[in-house]
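> Below: sequence and its predicted model.
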Amino acid sequence: MDTGGGCPHADNARLLAQGAVAPVLLPGGVEGMAVLGHDALKEFLAHPDVAKGARHFTALREGRIADGWPLRTFATVQGMTTADDADHRRLRSLVSKAFTVRRVEELRPRIATMSAELLDGLGRAAAAGGGTADLRRHFALPLPMGVICELLGVDAEYQDRLHELSNQVVSTDIGPDEAMAANREMVAVLGAVVLARTENPGEDLTSALIAAREADGDRLGPHELIGTLMLMIIAGHETTLNLITNAVRALCAHRDQLVLVQSGKATWSDVVEETLRWDSPVSYFPFRYPTRDLTLDGTVIPKGTPVLAGYSAAGRDKAAYGPDADRFDVTRSVAVRHLSLGHGPHYCLGSPLARMEATIALEQLFTRFPDLDLAVPAAELPRHASFVGNSVRRLPVRLRLGFAAGRP
């Protein structure tokens, strides 16, 4: 795997041409596999003989994975993403109440208000920058980070640092010392959040999780609490940040598709779904492990092998989406649903919230700035230094300044 990240689609196409499952070499020379084809990935994600718990990771169990391995946190953090069966159901049930359809819908007015305020700030930043501003920094990042931190009861003073640490945790080209330092600091910051909410509980998810732990000590251990918060901070903003960023890039590169939405021939929800398929915010997600030798699409994945879920590849699988799978088309009618938010028991709990945030953000953005465009050629946008996250690190855009640049 290219630890420096980059656009995954050319490599994905090359690998898919050879088959739906491919052997890969992970950082540090660790042997793994990637499931790339849509049908194979759907089967794999829901397979009863596939686990998430680190005890199934043969190389880790045998002591062959260093403490500073850049992907170690994905394997060892204690939370929903590394739990199986009853433990997974227990942890998921504690968090799921925050993401019911009703609870998410109640957040709509607050998300709309936050989005509008951030667009005011984007307009001001562009006015100060001669008409250009970094949309990712001023809008796509602070919206989902603000929403998830309000849900969790995380004070604003921690938000910037938590984003920086999240970037380091998901980075695949980070050195071992940096990786361990980032994880230690992330645990320390989240420990401070837990202490604050313990001393001053509120109507937030962290307070609710603490109360659940105190009511029944077996329901949520201290490491599980920190691990759950880490998961929700990272997944709760990084994926939506990438989704909004990728959607804006796609619409700027395909103005005809933007016209379809602006003329009412497609919806902003259509844009979100097509972006999730065409340019998934997560490219390869670690890890799942077969609990026995598993044959998938004619390829044997040995027991205990760390397997990457290739979401960006599956989204452009021609076997699932036809010969024009590489084309961005917001009016696309497909018989199969994309897998970018997962499938099976670990399907993304926050998917309704992510969809709502992105839909509101895009509609408000292009209503306020209908002529918004990239300020630099797309090829010059710096990519994430990771094969996990799939997006760019900056998104300079040009706005048409005037009455729309900022409201009175």
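Now that the structure is in, tell me what you want to look at.
> Please report phi then psi for Gly130.
phi 70, psi 30 (degrees, to the nearest 10).
> pLDDT score for it?
In this prediction, Gly130 carries a pLDDT score of 92.
> For burial, what's the neighbour tally of it?
For Gly130, the neighbour count with other CB atoms under 10 Å is 10. Every residue, glycine included, has its C-beta placed from N, CA and C.
> same thing with Leu260?
Leu260 has 18 nearby residues by other CB under 10 Å.
> is it true that it touches Arg332?
No - the criterion here is CB atoms under 8 Å, and Leu260 misses it with Arg332 at 11.3 Å.
> Show me the shaky parts of the stretch 151-300 of the chain.
Scanning the stretch 151-300 of the chain with the threshold set as pLDDT under 70 gives 213-218.
> can we see that at 90?
Applying pLDDT under 90 to the stretch 151-300 of the chain picks out residues 155-180, 182-184, 186, 202-238.
> could you pull out the strands for it?
Remark: strands assigned in the stretch 151-300 of the chain by DSSP state E, counting those that start in this stretch are 284-290, 294-296, 299-301.
> right, so those strands: which one is the most enclosed?
Mean neighbour count (mean count of other CB atoms under 10 Å) peaks for strand 284-290 among the strands of the stretch 151-300 of the chain, with a mean of 24.
> who does that one pair up with?
Next to strand 284-290 in the sheet, as set by DSSP bridges, lie strand 50-51 (antiparallel), strand 307-310 (antiparallel).
> and the lengthiest helix in the chain with strand 284-290, angle?
Ranked by number of residues, the top helix in the chain under DSSP state H is helix 222-253. Angle, helix 222-253 to strand 284-290, by axes from the mean of the first three to the mean of the last three CA atoms, to 10 degrees: 130 degrees.
> May I see the buried residues of helix 222-253?
224-252 (16 or more other CB atoms under 10 Å).
> Repeat that for stretch 196-212.
For stretch 196-212, a neighbour-count test (16+ other CB under 10 Å) marks 196-197, 204-210 as buried.
> repeat for stretch 45-58
Quick answer for stretch 45-58 (16+ other CB under 10 Å): 45, 50-54, 56-57.
> now stretch 74-82
Buried residues in stretch 74-82, defined by neighbour count with 16+ other CB under 10 Å: 74-82.
> Quick one: neighbours of the closest residue to Asn242 other than its chain neighbours, just the number.
Excluding its sequence neighbours, the residue lying closest to Asn242 (CB to CB, 6 or more residues apart in numbering) is Pro281, at 3.4 Å. Here the count is done by other CB under 10 Å, and Pro281 has 25 residues near it.
> got it, and His138?
So His138, with other CB under 10 Å, has 20 neighbours.
> Relative to Ala128, how far out is it?
Noted for His138: a distance of 11 Å to Ala128, by CB to CB, to the nearest Å.
> still on that earlier bit, in CSV: the strands of the stretch 151-300 of the chain, plus distance to Gly342.
Compiled in CSV, those are given as follows (distance: least, CB to CB, whole Å):
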stretch, distance to Gly342
strand 284-290, 8
strand 294-296, 17
strand 299-301, 19
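> How about the contacts made by Gly53?
82-84, 289 (CB atoms under 8 Å, 6 or more residues apart in numbering).
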